[in-house]
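> Below: sequence and its predicted model.
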Amino acid sequence: MKKLINDPRAVVDESLEGFGLAHADILEVHANPAFVVRKGAPVAGKVALVSGGGSGHEPLHAGFVGHGMLDAAVPGAVFTSPTPDQIIPATEAVDSGAGVVHIVKNYTGDVLNFETAAELSQAEGISVRTVLVDDDVAVQDSLYTAGRRGVGGTVLVEKIAGAAAVRGDTLDAVTGVAESVVRNVRTMGVALSGCTVPHAGVPSFELAEDEIEIGIGIHGEPGRHRIPMEDADGITARLLEPVVEDLGIGKGERALLFVNGMGGTPLSELYIVYRRAAQLLGEKGITVERSLVGNYVTSLEMQGCSISVLRLDDELVELWDAPVHTAALRWGM
Amino acid sequence: MKKLINDPRAVVDESLEGFGLAHADILEVHANPAFVVRKGAPVAGKVALVSGGGSGHEPLHAGFVGHGMLDAAVPGAVFTSPTPDQIIPATEAVDSGAGVVHIVKNYTGDVLNFETAAELSQAEGISVRTVLVDDDVAVQDSLYTAGRRGVGGTVLVEKIAGAAAVRGDTLDAVTGVAESVVRNVRTMGVALSGCTVPHAGVPSFELAEDEIEIGIGIHGEPGRHRIPMEDADGITARLLEPVVEDLGIGKGERALLFVNGMGGTPLSELYIVYRRAAQLLGEKGITVERSLVGNYVTSLEMQGCSISVLRLDDELVELWDAPVHTAALRWGM
Amino acid sequence: MTVGLGVDWAIEWLQLSARKMSEHRVELIELDRAIGDSDHGENMDRGFKAVLEKIAEAAPDTPGAALKLAAMALMSKVGGAAGPLYGTAYLRASTALGLLEDVDAAALAAALEAARDGIVARGKAEPGDKTMVDAWTPAVEAANEAVALGADAVAVLAAAAEAAEVGAVTTDPLIARKGRASYLGERSAGHRDPGAVSTALLLRAAATAAGFPDGEQA
Amino acid sequence: MTVGLGVDWAIEWLQLSARKMSEHRVELIELDRAIGDSDHGENMDRGFKAVLEKIAEAAPDTPGAALKLAAMALMSKVGGAAGPLYGTAYLRASTALGLLEDVDAAALAAALEAARDGIVARGKAEPGDKTMVDAWTPAVEAANEAVALGADAVAVLAAAAEAAEVGAVTTDPLIARKGRASYLGERSAGHRDPGAVSTALLLRAAATAAGFPDGEQA
Ligand SMILES: Nc1ncnc2c1ncn2[C@@H]1O[C@H](COP(=O)(O)OP(=O)(O)O)[C@@H](O)[C@H]1O
Ligand SMILES: Nc1ncnc2c1ncn2[C@@H]1O[C@H](COP(=O)(O)OP(=O)(O)O)[C@@H](O)[C@H]1O
Ligand SMILES: [Mg+2]
Ligand SMILES: [Mg+2]
Ligand SMILES: [Mg+2]
Ligand SMILES: [Mg+2]
């Protein structure tokens, strides 16, 4: 697997350095420990949002740092959650006194590291709330397991909660908005190929020319099951149906439809998936009012996609439409 | 090669249909013949911009239709330039009487088809100017050859000329701005892998685990030469040096640095390339004032990137910064 | 009784062309993959399928009318470099034939020459640039020679097809100076030009449609 | 004269741990690739390299201080699930050892138990969930048994290491209910848990550092 990198162990740092150079107008990159903070942080009186997780999912999370979304992002090593000694200074750097929301994808590593960081930050006098994102319907939820993963829906949580913070919501209110997005979004993904972690050098899994993995996460881990290759319309139905069913969305309701690329799939193919997903939702009497199509929560160069559906109401639409200015998502300003 | 498609011959139409559904707020997709037109076209009094070319380079060109950039885009079959019977109605749909600029990447097919379309549109009373983009320094320019290809720089031409049209420039003035961008931008690309045209089903070229192609275009065609794999910093220097030299940009000058992904390369790697390119320009005393990093002019799922440098002056900066609202590039509104 | 080739020949030629483009689709894609962008076979197949539809819609009544129909279909469905070039070729040939109902040897050779000149006018390629011109030019020369020797229309087409086939082969060692293959520079040598091959196939179809025995068919 | 294990043992243990993590880096990555995300070996290697640096910076003067140093380095450099879990384990063990300069069999067993309890408190995994707990739990049990049988500190560590190694093997058929492997459901069966393997390696290093002969080293 060829990669446009230098030293496999320098991938995250060098990439962040380039990211910081390219987006110096809106953010600053700190090294040792690594974290990214928006320009002008802390924003007086505003609740701050911090997210983070393993690298390899770019533009998540650093690409969403800026006005109207995250105040800081904390990137770990590739596919490895960041550590408290990164999360704590990021939290401190953005707290204006109004408190900080940690948006955490539900993985054991992320949960544990953010837990420690939150505890220690609280001890330093910062009010921290944690919102766990667990939108992946491929994983059966149960008290006895690690629970569902946080995947594509995370972007929607970050955008909408970020807008609530700009609106002036209190710490509890921003947390509540984020939680309501989590409750109303579901996702499912498919891989046509594995991906190669730079330090590993071999693909996370191998698929034959006629196989695909259904129900993958975003760390190159294998999915729930492997099935023979199907056409785009068939795959779309396989992803969308469990999402719709689990969300319990139906006739007369409004939705945001998000087709997310895993990194190595051409945009044109994502639109083929979007087309069918929009048709299927239409057939169910669900109105697609907003859409997002592109590579937002990736697994390095994996080929495949995920489909997320977010149930909308007037408030969520308003917060979604609110201005945002980050490296990867921008409108209204 | 697995792809998220249905019928290989329906790829362009189905993808466009999904694209139209996802971006119905800003554009309309016409079928048979296929072309994409911004909402509200023709815009009274404004010079219109039309571009087009083979599909497979998404988001180019349809992703750049909207306020401040293209008025229409004309997608051909994958890697095949569109035909006059698509270009002509697109041209007619956007002409407000102020005239139309055709932005054409310099390939024999594109040139010939746009030539015919321009001639026939002129005959119908529409003033058409054609701007050829030929920014690829990998190809030796000569009177006796097809000349240089149009590649990544095309996005910059479309953005900046689009802003000039919004500013109210005349047909000749918009043409002049587009031509000045063409004069001031150079590009060079590298492939780490080939790409697979849906109807062909096999990769355009095969590279060994330790080989890369230097000087590729954007149609999966092989490049100028094949060299052993190098690290990102080495590859960056190989792409950037001929760009800088050919452009003749040097100490004290200002630049926009554009690192473009070919479709299958993770964003994180593009930033590693950006980092080195920015460092090298800095060492030469060139100030990088604006940047663009992402997958904008792609070759399906090819792994690799191109580097473009645009020489900036105050006017180009102002036009670059002007508001734009398209599916793939958006700011200021 | 007619002495030359009529509209039936022209229609038969176009139908056979469509069949040949479909049969050789993969071969032409492969040739284009080596030094171009893997689409020539797909483009030609799509274009001639459109020609068939046009003919089915409105049966032309002269060879010239048939070629004009083909020209319009090719221009609007092929795209790429080949679309406008073949479109122009068929259009110029159609104009050269005018309203003739029977095409004799001389008229045929003149039409082929007009087609070639159209391609050169649009594409600016010279012989040796490794393009379809390297098939068309010997074809035109062979046709003119055959006419000078008193050949009939069928023999003119046979001579043109034969020469085009040889011409296509001669593109193998050339370094491309026009079209997409030119970007490869010296790396284009050692490959056959796809457009020259499709030209040879189309001219062979013309001879076969006129009744000349086709090796590939037999 | 001391009767137990002192700070030299603790430092030797951590240094040997770093060597083992580096030597088994690829193996641990491979195990994690099968049912996780290919990073466990990389994480542990990076973490213990940081432990080495910490030790070089400020030499600890008790076993408890050495383990605390290790805990802080692991927490801040490993990340993922393993970082906080091992961090907590080493921290709890350090607390259990307090300011002891010499660690006897009973103190060692108590420290191991504190470590295991810390992991369970943070990660909520039970034995049989296919995690490092499946190596720690038999290790703690074996250590306690050895103490009850009057074993010395070295023998306690040897018993713990042996039991952890067996424990790691027993994860093979299990279906994961915690950690990343749980997402695979039944597909996680038939693979060994990487965290259980790293636990066995670390406990083996503890025994080796204490002078117990190591099969792998010999
Ligand atoms: N300038 C030119 N003059 C004559 N023929 C040309 C020229 N450029 C390209 N061709 C012909 O077109 C063929 C390629 O056609 P095709 O693959 O359909 O278009 P594209 O190159 O746009 O993909 C080449 O093999 C060559 O024979
Ligand atoms: N809840 C848990 N309790 C105990 N151990 C766990 C738990 N979750 C994961 N582990 C251990 O962590 C190991 C994985 O560590 P590592 O790969 O470094 O982190 P990650 O899973 O975040 O990539 C697993 O093999 C398992 O032994
Ligand atoms: Mg991990
Ligand atoms: Mg083409
Ligand atoms: Mg071609
Ligand atoms: Mg792991």
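Okay, I see it. Numbers count the residues shown, from 1 in each chain, chains lettered A, B, ... in the order given. Ligands and ions are numbered 1, 2, ... in the order given.
> for A:Arg275, helix, strand, or coil?
helix (DSSP: H, G, I helix; E, B strand; the rest coil).
> Now do the phi/psi pair for the nearest residue to it once chain neighbours are set aside.
Distances taken as Cβ to Cβ, 6 or more residues apart in numbering or on different chains put B:Gly18 closest to A:Arg275, at 3.1 Å, once the chain neighbours are dropped. For every residue, glycine as well, the C-beta is placed using N, CA and C. Torsion angles at B:Gly18 (phi, psi; degrees, to the nearest 10) stand at phi -60, psi -40.
> Hmm, A:Glu269 and B:Gly18 touching each other?
No. B:Gly18 lies out of contact with A:Glu269 (Cβ atoms under 8 Å); the separation is 9.5 Å.
> what residues are up against C:Phe212?
C:154-155, C:157-158, C:161 (Cβ atoms under 8 Å, 6 or more residues apart in numbering or on different chains).
> now A:Glu158
Residues in contact with A:Glu158, defined by Cβ under 8 Å, 6+ apart, are A:49, A:51, A:61, A:64, A:69-70, A:103.
> helix or strand right after the host helix or strand of it?
Per DSSP states H and E, A:Glu158 falls inside helix A:153-167. Counting by DSSP H and E, the next helix or strand C-terminal to helix A:153-167 is helix A:171-184.
> residues in chain C within reach of ligand 5, list them.
By the rule Cβ under 5 Å from the ion, the part of chain C lying against ligand 5 is C:32, C:36-37, C:39-40.
> Does the residue nearest to C:Arg187 when sequence neighbours are not counted belong to a helix, a strand or coil?
In space, and not counting its chain neighbours, C:Arg187 is closest to B:Pro222: 6.5 Å by Cβ to Cβ, 6+ apart. Secondary structure, three-state DSSP: B:Pro222 is coil.
> Phi, psi for B:Pro222 please.
The phi and psi values for B:Pro222, taken as degrees, to the nearest 10, are phi -60, psi 160.
> Touching, it and B:Glu211? I think so.
No. Counting by Cβ under 8 Å, B:Pro222 stays clear of B:Glu211, with 11.1 Å between them.
> who has more neighbours, these two?
Neighbour totals were compared for B:Pro222 and B:Glu211, and B:Pro222 leads with 23 against 14 (other Cβ atoms under 10 Å in any protein chain shown).
> Count the residues that sit near residue 169.
This is for chain A. 19.
> look at chain C instead
Counted with other Cβ under 10 Å, C:Val169 comes out at 15.
> contacting residues for it?
Applying Cβ under 8 Å, 6+ apart to C:Val169 gives the contacts C:Arg192.
> Would you mind measuring from it to C:Asp193?
As judged by Cβ to Cβ, to the nearest Å, C:Val169 and C:Asp193 stand 10 Å apart.
> Over to C:Ala160?
For C:Ala160, the distance to C:Asp193 - Cβ to Cβ - is 18 Å.
> export the contacts of A:Glu158 to CSV and tack on secondary structure, distance to A:Pro89 and pLDDT?
What follows is the contacts of A:Glu158, written out as CSV (DSSP: H, G, I helix; E, B strand; the rest coil; distance: Cβ to Cβ, whole Å; pLDDT from 0 to 100):
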residue, secondary structure, distance to A:Pro89, pLDDT
A:Leu49, strand, 16, 98
A:Ser51, strand, 15, 98
A:His61, coil, 16, 98
A:Phe64, helix, 19, 98
A:Met69, coil, 20, 98
A:Leu70, strand, 15, 98
A:Ile103, strand, 17, 98
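> May I see these organised as TSV, with neighbour count and distance to chain C added?
Shown next, in TSV, are the contacts of A:Glu158 (neighbours: other Cβ atoms under 10 Å in any protein chain shown; distance: Cβ to the nearest Cβ, whole Å):
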residue	neighbour count	distance to chain C
A:Leu49	29	46
A:Ser51	33	42
A:His61	31	38
A:Phe64	26	36
A:Met69	29	40
A:Leu70	32	41
A:Ile103	29	44
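> Can you tell me the closest non-neighbouring residue to C:Ala168?
C:Ala196 (4.0 Å).
> That neighbour should be in a strand, yeah?
No. Assigned with three-state DSSP, C:Ala196 falls outside any strand and is helix.
> Pretty sure it sits against C:Pro127.
No. Here C:Ala196 does not reach C:Pro127: they are 10.9 Å apart, not a contact under Cβ under 8 Å.
> neighbour-wise, which of the two wins?
In this view C:Ala196 and C:Pro127 are compared by other Cβ under 10 Å, and C:Ala196 has more residues nearby, 26 against 16.
> per-residue confidence at that one?
On pLDDT, C:Ala196 comes in at 98.
> Report pLDDT for residue 37.
Chain wasn't specified; assuming chain A. 98.
> nope, chain C
C:Asp37 is assigned a pLDDT of 92 by the prediction.
> Residue of the stretch 151-300 of chain A nearest ligand 2, please.
A:His219 (7.3 Å; Cβ to the nearest ligand atom).
> what's the helix or strand for the residue of chain A found nearest ligand 2?
With Cβ to the nearest ligand atom as the measure, A:Gly109 is the residue of chain A nearest to ligand 2, at 3.1 Å. Per DSSP H and E, A:Gly109 falls inside helix A:108-123.
> helices or strands up against that helix?
Contact here means 3 or more Cβ pairs under 8 Å, 6 or more residues apart in numbering or on different chains; DSSP states H and E; on that basis helix A:108-123 packs against strand A:48-55, helix A:84-94, strand A:100-105, strand A:128-133, helix D:82-97, helix D:105-123.
> Repeat the analysis, applying 7 Å as the threshold.
The contact analysis (3 or more Cβ pairs under 7 Å, 6 or more residues apart in numbering or on different chains; DSSP states H and E) places helix A:108-123 against helix A:84-94, strand A:100-105, strand A:128-133, helix D:82-97.
> what's the most buried one of those?
Using mean count of other Cβ atoms under 10 Å in any protein chain shown, the stretch among the helices and strands packed on helix A:108-123 with the largest mean neighbour count is strand A:100-105, at a mean of 28.
> Give me the helices and strands touching that one, please.
Where contact means 3+ Cβ pairs under 7 Å, 6+ apart, strand A:100-105 is packed against strand A:48-55, helix A:108-123, strand A:128-133, helix A:153-167, helix A:171-184.
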